[in-house]
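Novice: Attaching a predicted model along with its sequence, questions to come.
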Amino acid sequence: METIAIYWGSFNPPTIAHAWVITSVLEMTDIEKVIFTPDWDRDDKDHKISLAHRKKMIEIFYEVLKWQWYNIDFDTHFLDWNNWNKTTAMQVRDYFRNKLWFYPWHIFWTDTAPAMPNWSWNYDKIIEEELKKIFVSRWWYSFNPNWFENFILLEAHDIPAVSSSMAREMIANRVKVSSIILPEIEDYIETNGLYK
C-alpha cells in the first residue's frame with residue numbers, strides 16, 4: 001500500500017509555491033506519491049477566468065511537474081464534475097477512500113487551519129481528529145498545533161511567499177509574474193489575455 005497525499009485546491013493560477021509544496025512533501029516526508037486534485041469553480045470565489053482556461057493551466061502545470069517527479073499523479077474528478085458548486089474536504093476524503101481503498105494524507109497550508117473545524121459534518125471533528133493532514137507552514141502565520149490530531153507539520157523557511165491571488169493582482173496591474181509562476185503558464189496567460 002503506497003503512502004499517498006492528496007493536494008487539493010483551485011490553483012488559479014498554479015504558482016511556484018504549489019510546485020514547492022509538491023516537491024517538499026516528496027522530499028521531506030515518507031509520502032511516496034502526491035495526487036494533484038483541482039476542484040470545480042467554487043461559489044465562494046470569483047475565479048476571474050473561465051473553467052476551460054483554468055483546466056488548461058492546471059494541465060500545463062501537471063505536464064511540467066511530471067517530468068521532474070514520476071510519483072505525481074493527476075485526478076480530474078472534482079474539476080470535471082459540475083454537479084456541485086463547492087467541493088468539500090469530506091467529499092475529497094470519501095472519494096479517495098473509495099478509489100484507493102484506504103484514507104490518504106491531505107495537504108493544507110497552515111493558514112487554512114482556523115476554518116477547518118467548520119468543515120466537519122455535525123461537529124463530529126473528523127477533520128480535526130481523524131483526517132490525516134500534512135500542514136505546510138507559512139512562515140508569516142502562527143499555527144496552533146493544539147487544534148488538531150493526526151498531522152505532520154512541514155516547516156521550511158525557503159517557502160516562496162507567493163499565492164494565486166498575488167499572481168492575479170500582479171497581472172491585473174500589468175506587473176510581470178515571471179518570478180512566481182512557471183514560464184509555460186505565463187505564456188498561456190499572456191497569449192489568452194487572462195486576468196486583465
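Specialist: Here it is on my side, so go on. Numbering: from 1, shown residues only.
Novice: Okay, buried residues for stretch 96-105 please.
Specialist: For stretch 96-105, the buried set under the neighbour-count rule, 16 or more other CB atoms under 10 Å, comprises 96, 103-105. All C-beta atoms are positioned from the backbone trio N, CA, C, and that covers glycine.
Novice: quick one: which of the residues you listed sit in helices?
Specialist: residue 96 (DSSP state H).
Novice: need the buried residues of stretch 96-105 in a markdown table with distance to residue 11, can you?
Specialist: Output for those, formatted as a markdown table (distance: CB to CB, whole Å):
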| residue | distance to residue 11 |
| --- | --- |
| 96 | 18 |
| 103 | 23 |
| 104 | 18 |
| 105 | 18 |
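Novice: biggest separation within the buried residues of stretch 96-105, which pair?
Specialist: Greatest spatial distance among those (CB to CB): 96 and 105, at 10.0 Å.
Novice: what touches both of those two?
Specialist: Residues touching both residue 96 and residue 105 by CB atoms under 8 Å, 6 or more residues apart in numbering: 4, 6.
Novice: Do a quick rundown of the strands in the protein.
Specialist: 4-9, 33-38, 72-74, 105-109, 133-136, 151-154 (DSSP state E).
Novice: got any ranges where the chain has weak pLDDT?
Specialist: Judged by pLDDT under 70, the chain has its weakly predicted residues at 1, 41-47, 82-86, 120-123.
Novice: Show me what the longest helix along it is packed against.
Specialist: The longest helix of the chain (DSSP H) is helix 51-68. Applying 3 or more CB pairs under 8 Å, 6 or more residues apart in numbering; DSSP states H and E, one finds that helix 51-68 contacts helix 16-28, strand 33-38, strand 72-74, helix 183-192.
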